[in-house]
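Enquirer: This is the structure alone, sequence omitted:
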């Protein structure tokens, strides 16, 4: 009986392997015609942290899997069928606003030097038409996305300069609440957007810069969608109903996406896609805090205690199925026209099994196809939804071309209460 069961299982696995390979091949064929556009990759920050901000300091023309901690290189981008990439110009929320503005401009410069270092592979893009034109030429369209509204230092003039430098979305907050918008992972101060925050969104509409709501609180999401005349995006977020992390998008917002016209670009961060991983991370943080309080002035003892706890409680792993569950949930609640991909490669220390690098997209798309997704569905997920959003954002900006730049500013004595 056991032998028969084993033989049956082996037969199923043998049959599944060719089917999976066929789906991956079909996914690659789709990506030859439809650019896969990823909403968020932190390679510029990895270059800053490890390689002195020098794209020439590491050989991106080689497959770096195994020889570096990087998730991204040119061979794996090609293997993954990536046609358009939003390079994140992230800087930490711990910086002062002026320091953040300086560092963000430096990160924009890093993206441009990255593109310049490999002109046969990358080309800067600022519009939906650019993405499609560059993809047809066999190159990877490279776009710039700002992560954290503190980088504008409460200045709409700086916002305009960032747009002129090539930024085509801005995440309104990162981990900390700003002087005009509440973050998902910090104490709320404004109940969403304050009046200056609403002016930031309006000026982004006028410029043609996408409003990115990853990292913001649910109230900020609702306020931004109410104020914005153009569709919004979530450049790298997943579904809160599947994994209860505050960084994820609640169903109350997903249900409004069809009316808004925007897109939720599902991320691969293990703590955002696996409830088991999220709960383990929370338990680890609680144990770390407990040990620190029990061992004041003795970090060695606290560290040893945490290592013992981790040995007794091994970290769980996320997998492709977890990411598929989030993509499917966004589709089920928001609709097929409102889901995309935003991996967050090189912005996290670990990734789900099977999604360890930017070469993984065909495997993910194959898993969706095995679940019944059609070629038309895959095209929308991969890039068509984001291209539609970009074109609408561009159209809103074109309608506002005659409007003067906003001179709104925070009060001299600080943000309004």
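Expert: On my side now, so go ahead. Treat the numbers as computed from the prediction; the structure is a model and nothing was measured.

Enquirer: Any buried residues in stretch 106-119, and which?
Expert: Neighbour counts over stretch 106-119 (16 or more other C-beta atoms under 10 Å) mark 107, 108, 110, 111, 112, 114, 115, 118 as buried. To be clear about C-beta, it is placed using only N, CA and C from the backbone, and glycine gets the same treatment.

Enquirer: same question for it, mean pLDDT?
Expert: For stretch 106-119, mean pLDDT is 98.

Enquirer: nearest to residue 81, of the buried residues of stretch 106-119?
Expert: residue 118 (17.4 Å; C-beta to C-beta).

Enquirer: export the buried residues of stretch 106-119 to JSON lines and tack on distance to residue 282 and secondary structure?
Expert: JSON lines is the format used below for the buried residues of stretch 106-119 (distance: C-beta to C-beta, whole Å; DSSP: H, G, I helix; E, B strand; the rest coil):
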{"residue": "107", "distance to residue 282": "31", "secondary structure": "helix"}
{"residue": "108", "distance to residue 282": "35", "secondary structure": "helix"}
{"residue": "110", "distance to residue 282": "34", "secondary structure": "helix"}
{"residue": "111", "distance to residue 282": "34", "secondary structure": "helix"}
{"residue": "112", "distance to residue 282": "39", "secondary structure": "helix"}
{"residue": "114", "distance to residue 282": "36", "secondary structure": "helix"}
{"residue": "115", "distance to residue 282": "39", "secondary structure": "helix"}
{"residue": "118", "distance to residue 282": "40", "secondary structure": "coil"}
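
Enquirer: now, among the residues you listed, which is nearest to residue 177?
Expert: Residue 177 lies nearest to residue 107 out of the buried residues of stretch 106-119, by C-beta to C-beta, at 22.1 Å.

Enquirer: excluding its backbone neighbours, what's nearest that closest one?
Expert: Spatial nearest neighbour of residue 107, chain neighbours left out: residue 89 (3.7 Å); criterion: C-beta to C-beta, 6 or more residues apart in numbering.

Enquirer: The one you found - how many residues pack around it?
Expert: 29 (other C-beta atoms under 10 Å).

Enquirer: now the strands for this protein?
Expert: Along the chain, counting by DSSP state E, strands occupy 36-41, 82-88, 122-124, 140-147, 167-171, 210-212, 233-234, 263-266, 339-341.

Enquirer: what separates the nearest residue in space to residue 234 that is not next to it in sequence from residue 347, distance-wise?
Expert: Nearest non-adjacent residue to residue 234, counting by C-beta to C-beta, 6+ apart: residue 264, 4.5 Å away. Plainly put, residue 264 is 17 Å away from residue 347 if you go by C-beta to C-beta, to the nearest Å.

Enquirer: Pick out whichever of those two has more residues nearby.
Expert: residue 264 (34 against 20).

Enquirer: Residue 77: which of the buried residues of stretch 106-119 is nearest?
Expert: residue 118 (10.2 Å).

Enquirer: before we move on, back to that, list the contacts of the residue nearest to residue 107.
Expert: 44, 104, 107, 108, 110, 111, 144, 145, 146, 147, 167 (C-beta atoms under 8 Å, 6 or more residues apart in numbering).

Enquirer: Equivalent analysis for residue 51, please.
Expert: 57, 58.

Enquirer: With residue 242 instead?
Expert: Going by C-beta under 8 Å, 6+ apart, residue 242 touches 248, 273, 275, 325, 326, 329.

Enquirer: which ones are touching the fourth one?
Expert: Read it as residue 325. Residues near residue 325 by C-beta under 8 Å, 6+ apart: 242, 273.

Enquirer: swap in the third one?
Expert: In this structure, residue 275 makes contact with 242, 243, 244, judged by C-beta under 8 Å, 6+ apart.

Enquirer: Residue 380 is in contact with residue 338, isn't it?
Expert: No - between residue 380 and residue 338 there is no contact under C-beta atoms under 8 Å: 9.1 Å.

Enquirer: Could you give the backbone dihedrals for the residue sitting nearest the centre point of the chain?
Expert: Centroid check for the chain by C-alpha atoms, centre = their mean gives residue 236 as the closest residue, at 2.6 Å. Note on residue 236: backbone dihedrals following degrees, to the nearest 10 are phi -160, psi 80.

Enquirer: How much space separates the closest residue in space to residue 188 that isn't next to it in sequence from residue 220?
Expert: Excluding the flanking residues, the one nearest residue 188 by C-beta to C-beta, 6+ apart is residue 182, at 4.3 Å. Applying C-beta to C-beta, the value for residue 182 to residue 220 is 5 Å.
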